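# pasting a predicted model and its sequence here:
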Amino acid sequence: MRCQRRAFTLIELLVVIAIIAILAAILFPVFAKAREKARAISCLSQGKQLGLALAMYVSDYEVYPMMSDPEGVPVRFKWPDRLHPYVKSVPMFSCPNSPRDLVKSFTIISGATFGGMGYNYQYLGNSRFPWAAADATIEVPAQTVAFTDTRGVRRDDGSVGAGEYVVDPPWPSQRGSGKPSGYYGDGSEGGSGPQGNRSWPDDRHVGQVMVIFADGHGKAMMLSQLDDFDRDGTPDNGWWNGLADAERR
């Protein structure tokens, strides 16, 4: 007796296609979130390498590097140029999720670029004065920001105006930024609003900022947490000033 094969009906095929579409709609965001989490882990791992490089630099020179050499120096090194000899890896200086308009060029390596990580220049080393913090002045390195993801100084239209390799605290420091605004940007470089000239930390990794501290360790933090050391709901510079003191700027 011959066995007849029953074909799928159009309705059955449509039901199967609908089920697959529903499953895809459910799983794609999960996969995307997993991918972003993997990038965040990669960024944090790279940041820790930079933190260790910074610790070795400070051990060698007993001061923190300035964000760049002062104006007038024939060949101006930036902080990545200073730390590269301790890492010897160009990709370590670029965040996987960094916006393309934050890319900067190394001075010591022709054609090499870095981008996405900002240096706490107001408290560790500002070439506009020039000034660099001695090792002993950072009293609580485990609670002092060294690097974070940065979005730079943004104009109102979203374009970057400055600050591609630095990051500002929530309030201008007592030492100052070197500009009247108290932040890295000024005038046409920044946007409107009281903090429009700030080079902001960027919570680009699943809503979190990758933060590397002066002792070399790192962790992911919410931007609101990073800007509020004592968690009283008011921004302060406690994570930034080297003293772990919410009252000090």
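Noted; the coordinates are in hand. Since this is a predicted model, take the numbers as computed values, not measurements.
# only C-alpha atoms for contact and neighbour calcs from this point on.
Fine.
# in this structure, where is pLDDT below threshold?
The model of the chain has pLDDT under 70 over residues 1-8, 27-28, 30-34.
# for it, which strand is longest?
strand 145-154 (DSSP state E).
# who's in contact with the residue sitting nearest the centre point of the chain?
Of all residues in the chain, the one closest to the mean position by Cα atoms, centre = their mean is Asp149, 0.8 Å from it. Residues in contact with Asp149, defined by Cα atoms under 8 Å, 6 or more residues apart in numbering, are 95, 116-118, 201-204, 209-211.
# kindly report the same for Gly152.
Contacts for Gly152 (Cα under 8 Å, 6+ apart) come out as 102, 118, 160-167, 198-201.
# adding secondary structure, write those residues out as JSON lines.
Putting these into JSON lines (DSSP: H, G, I helix; E, B strand; the rest coil) gives the following:
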{"residue": "Leu102", "secondary structure": "helix"}
{"residue": "Gly118", "secondary structure": "strand"}
{"residue": "Val160", "secondary structure": "strand"}
{"residue": "Gly161", "secondary structure": "strand"}
{"residue": "Ala162", "secondary structure": "strand"}
{"residue": "Gly163", "secondary structure": "coil"}
{"residue": "Glu164", "secondary structure": "coil"}
{"residue": "Tyr165", "secondary structure": "coil"}
{"residue": "Val166", "secondary structure": "strand"}
{"residue": "Val167", "secondary structure": "coil"}
{"residue": "Arg198", "secondary structure": "coil"}
{"residue": "Ser199", "secondary structure": "coil"}
{"residue": "Trp200", "secondary structure": "strand"}
{"residue": "Pro201", "secondary structure": "strand"}
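# what's the angle between the longest helix belonging to the chain and strand 145-154?
For the chain, the helix with the greatest residue count under DSSP state H is helix 10-61. Between helix 10-61 and strand 145-154, the angle comes out at 120 degrees (axes from the mean of the first three to the mean of the last three Cα atoms, to 10 degrees).
# what's the following helix or strand after helix 10-61?
helix 79-87 (DSSP states H and E).
# buried residues in that following helix, which are they?
79-84, 86-87 (16 or more other Cα atoms under 10 Å).
# with stretch 60-74 instead?
63-70.
# do stretch 232-245 as well
Residues of stretch 232-245 classed as buried: 235-245 (neighbour count, 16+ other Cα under 10 Å).
# got TSV for those residues, with secondary structure and distance to Asp228 too?
Output for the buried residues of stretch 232-245, formatted as TSV (DSSP: H, G, I helix; E, B strand; the rest coil; distance: Cα to Cα, whole Å):
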residue	secondary structure	distance to Asp228
Pro235	coil	5
Asp236	coil	5
Asn237	coil	7
Gly238	coil	7
Trp239	coil	8
Trp240	coil	10
Asn241	coil	12
Gly242	coil	15
Leu243	coil	14
Ala244	coil	11
Asp245	coil	11
